[in-house]
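Peer 1: The amino acid sequence is not available; the structure is as follows:
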């Protein structure tokens, strides 16, 4: 194996171990979990880039299911948010007191 890929693999394993430690306990700190997740993502990206540079192969993580909402749901929520924002940008009608 390439020395650079070996080093990236070692970093990825280390990041995964720290992530498992951060989220595997009884009390999970949100900040620690988020930092650990960011480190895993960065290590995975670095590993994938080195694999691609060395072999020309694609990202080994590309077919993994991403947690969160589906793209169609996100698109619907974005459209709804934009419609609400656009309706609020115009002048606000002044209500007259009815006697």
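Peer 2: Alright, I've got the coordinates. The structure presented is a predicted model; accordingly, all values stated were derived computationally and were not measured.

Peer 1: can you pull the buried residues of the least confident helix or strand in the chain by mean pLDDT?
Peer 2: Lowest mean confidence among the helices and strands of the chain (mean pLDDT, DSSP states H and E): helix 71-89, at a mean of 81. Neighbour counts over helix 71-89 (16 or more other Cβ atoms under 10 Å) mark no residue as buried. The way it works is simple: take the backbone N, C-alpha and C, and place the C-beta from them, glycine included.

Peer 1: what's the answer for stretch 44-55, then?
Peer 2: Across stretch 44-55, burial judged by 16+ other Cβ under 10 Å covers 44, 46-48, 50-51.

Peer 1: With secondary structure as added columns, please give these in a markdown table.
Peer 2: Converted to a markdown table, those look like this (DSSP: H, G, I helix; E, B strand; the rest coil):
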| residue | secondary structure |
| --- | --- |
| 44 | helix |
| 46 | helix |
| 47 | helix |
| 48 | helix |
| 50 | helix |
| 51 | helix |
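
Peer 1: of these, closest to residue 28?
Peer 2: Checking the buried residues of stretch 44-55 against residue 28 with Cβ to Cβ, the nearest one is residue 44 at 20.9 Å.
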